[in-house]
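Student: what would the 3D arrangement of this be:
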Amino acid sequence: MTTIRLTMAQALVRFLDAQYVSVDGEETKFVQGVMGIFGHGNVTGIGEALEYSSGGLTLIQGKNEQGMVHAAAAFAKQKNRLQIYACTSSIGPGALNMVTAAATATVNRIPVLLLPGDNFASRQPDPVLQQLEVASDYSISATDAFKSVSKYWDRIVRPEQLMSAALQAMRVLTDPAETGAVTLALPQDVQAEAYDYPEAFFSKRIHYIDRRPPARDAVQRAAEMLKGKKRPLIIAGGGVLYASAVNELREFAETYGIPVAETQAGKSVLPWNHPLNVGAVGVTGTLAANLLAKEADVVIGVGTRYSDFTTSSKSAFTNEEVQFININVSTLDSAKWGGAALTGDAKLGLTQLAGALAESGYHSSYNDNEIAELKKTWDAEVDRLFTLEHEQGLAQTHALGVIQNTIDPSSVIVCAAGSLPGDLHRLWRPAEPKTYHMEYGFSCMGYEVSGAFGAALATGGEREVYAVVGDGSYFMLHSELITSLQEGVKITILLFDNHGFQCIHNLQRGHGSEGFGNEFRYRDSSTGRLTGSYMPIDFAAHARSLGAKSYKVSSAEELKAALLKAKQETVSTLIEIPVVPGTNTAGYESWWNVGVPEVSVSDKVLEAHQDMKQRIQAARMI
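Tutor: Numbering: from 1, shown residues only. A predicted model of the protein is given here:
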């Protein structure tokens, strides 16, 4: 057996460079590079391996560990999970900074490979700088925190352990049902230890992502259930996009006359103006989709995990006869709501269910213009909100309307948190798949700028990429704006300044509070609370100080002009958009269950609690 003597870190880099995936006969190099911030714990291990590697992995220098993992996840999401970047950090705080982003990836079923540095396996220099010491269990280190947010976790304490751990890591990263964050904790001494690795370990390895068909009996059961239903509704999730099942979904819906509602992850599966696309469903849903959901007698969930926002906290489906058909590659999701589980690939699931229905002559029983009238009414409401004037300034929905009507339809918008996801889910009108990039599984504040960089990296400059972000989320994390400038990967940040965490401010006031602690105000010396004047913050100047171009607007006309100028810029650009707080959308036959105090000195809070109890009683609890 021919062997090659390498350090563990060198072997890992060489192994990652030889990994490929194949779907439907198309082969793709899986690991494109490494995003990293070096420190003690990885600079002399993986850092050395990358510096002197003769392979094809690119190093991208992150500016914040959480931000670079968000960027890696966004890259993988935009690439339909067929390409990834690994992420490396030092030990201690550097490693722990990645935990939030690891959870974000896992919740969203997005593959990211995390390579945090770890304590010395030998324990001889212990305790080293930044080492976490647990007196009751000395085997615990900071990287144990990744266990709860990883789909696979391992610690490499001997260099030869890498071989089995790396293969297990690739198993999970390339599994459409099990993918998420994969963590290989790398003790800093072991990274530098050498071993005679078999040459075969570094051979080109192709991981075949075979489409998994649902069981034939499961398809027949679902078909029999559907044949007896009159008012079906499809809920399309992100799994439709990841399985490249857009055409199959459209054909299925058109053949059987079934309206299609979209989750945040599934939005853009159909063009917004397709006759059967009724738009967003749930808490942030359209009136059209939510009315249809209430009356649906069968819900066909395709690639969705049925979050509380999708189901309006289980209050969306009020028909006593409603049943569920779930097409999902994950058994965790296909079994939800006690539905008929078609566990398998979305493309094959839709095709086989269509085949089982073909000879029955099945068609939904919606009235001749029912769906068209619902769409017409909703389109008029969007048009109204897109042009809504406000006496105090620019309304948030009006700003979105200007953006929608100015940027190219092929552009990608990226968002994650605050009030903007609700408005975008309801109002945004995607014309092409993969132009709506929303991280709403974890709704992680700070994803937007990092995610835009990752998405732009994935598009290779072929599309304009816009981070749609509130001032609160921008403050949380905007470090990868610098990385975009460093890499020459242009993004445009559309910063909505509404003076604080207004989404949660609205949530407070909607449940009895007068509003407390959520706006960016100075402390009032007379009350001792944050009720003074708004803090004046010049976001445009901040972006310029980093090397980006920037504009600040105060009207719809100025916003349109700035968007046109930003498109011509060759470097990352920020447009500061002051909007009137509270001018976002809400309602439309939806409800979100958030705990409201049963005891309070406020009558408004007590009233909100009673309303919550009534809504819970009416919800479909399973």
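
Student: could I get the full set of strands for the stretch 51-200 of the chain?
Tutor: Under the criterion DSSP state E, counting those that start in this stretch, the stretch 51-200 of the chain contains strands at 58-61, 84-89, 112-118, 152-155, 181-187, 194-198.

Student: can you list these in TSV and add mean neighbour count?
Tutor: For glycine as for every other residue, the C-beta is placed from the backbone atoms N, C-alpha and C. Listed next are the strands of the stretch 51-200 of the chain as TSV, based on neighbours: other C-beta atoms under 10 Å:
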stretch	mean neighbour count
strand 58-61	17
strand 84-89	29
strand 112-118	29
strand 152-155	20
strand 181-187	28
strand 194-198	16
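
Student: and of those strands, who's closest to D538?
Tutor: Closest to D538 of the strands of the stretch 51-200 of the chain, according to C-beta to C-beta: strand 58-61, at 27.3 Å.

Student: in stretch 274-283, which residues are buried?
Tutor: 276-283 (16 or more other C-beta atoms under 10 Å).

Student: select from the residues you listed every entry located in strands.
Tutor: Counted as lying in strands by DSSP state E, out of those, are 277-280.

Student: related to what we said a few turns ago, mind checking which of the strands of the stretch 51-200 of the chain is nearest P433?
Tutor: strand 84-89 (20.5 Å).

Student: and that closest one, what other elements does it pack with?
Tutor: strand 31-36, helix 65-78, strand 112-118 (3 or more C-beta pairs under 8 Å, 6 or more residues apart in numbering; DSSP states H and E).

Student: of all those, which one is nearest D408?
Tutor: Between the helices and strands packed on strand 84-89, helix 65-78 lies closest to D408; by C-beta to C-beta that is 16.6 Å.

Student: which one of the ones in strands among the buried residues of stretch 274-283 is nearest to P433?
Tutor: Among those, and counting by C-beta to C-beta, the member closest to P433 is N277, at 12.1 Å.

Student: does that closest one touch S268 like I think?
Tutor: No. With contact defined as C-beta atoms under 8 Å, N277 does not count as touching S268 (9.9 Å).

Student: which neighbours do those two share?
Tutor: E262 (C-beta atoms under 8 Å, 6 or more residues apart in numbering).

Student: what sits against Q168?
Tutor: Here Q168 is in contact with 152, 154 (criterion: C-beta under 8 Å, 6+ apart).

Student: once you drop chain neighbours, what's closest to A95?
Tutor: P116 (3.5 Å; C-beta to C-beta, 6 or more residues apart in numbering).

Student: same question for R211.
Tutor: The shortest distance from R211 to any non-neighbouring residue, by C-beta to C-beta, 6+ apart, is to D345 (4.0 Å).

Student: isn't that neighbour up against S244?
Tutor: No. Counting by C-beta under 8 Å, D345 does not reach S244; the two are 9.7 Å apart.

Student: comparing these two, which shows the higher neighbour count?
Tutor: D345 (28 against 17; other C-beta atoms under 10 Å).

Student: check contacts around that one.
Tutor: 176, 211-214, 243, 245, 329.

Student: if we go to 6 Å?
Tutor: Contact analysis of D345 by C-beta atoms under 6 Å, 6 or more residues apart in numbering lists 211-212, 243, 329.

Student: quick one: low-confidence ranges for the protein?
Tutor: For the chain, the stretches flagged by pLDDT under 70 are 621-622.

Student: hey, where'd the helices end up in the stretch 1-150 of the chain?
Tutor: 8-16, 46-51, 65-78, 93-96, 99-107 (DSSP state H, counting those that start in this stretch).

Student: and the contacts of D345, which is closest to Q124?
Tutor: V329 (46.1 Å).

Student: run through the residues that contact the closest one.
Tutor: 176-177, 345.

Student: which residue is the nearest non-sequential neighbour of I371?
Tutor: P259 (5.3 Å).

Student: for the helix or strand W378 falls within, list the C-alpha coordinates in CSV.
Tutor: Using DSSP states H and E, W378 sits in helix 370-386. Below are the C-alpha coordinates for helix 370-386, written out as CSV (Å, rounded to 0.1, in the frame of the first residue of the first chain):
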residue,chain,number,x,y,z
GLU,A,370,-62.3,31.8,-7.8
ILE,A,371,-58.5,31.7,-7.7
ALA,A,372,-58.2,34.4,-10.4
GLU,A,373,-60.5,36.7,-8.3
LEU,A,374,-58.5,36.1,-5.2
LYS,A,375,-55.3,36.9,-7.0
LYS,A,376,-56.7,40.0,-8.6
THR,A,377,-57.8,41.3,-5.2
TRP,A,378,-54.4,40.6,-3.6
ASP,A,379,-52.5,42.1,-6.6
ALA,A,380,-54.5,45.3,-6.1
GLU,A,381,-53.6,45.3,-2.4
VAL,A,382,-49.9,44.9,-3.2
ASP,A,383,-50.2,47.8,-5.8
ARG,A,384,-51.8,49.9,-3.1
LEU,A,385,-49.1,49.2,-0.5
PHE,A,386,-46.3,49.6,-3.1
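
Student: since that was my last question, I'll sign off now.
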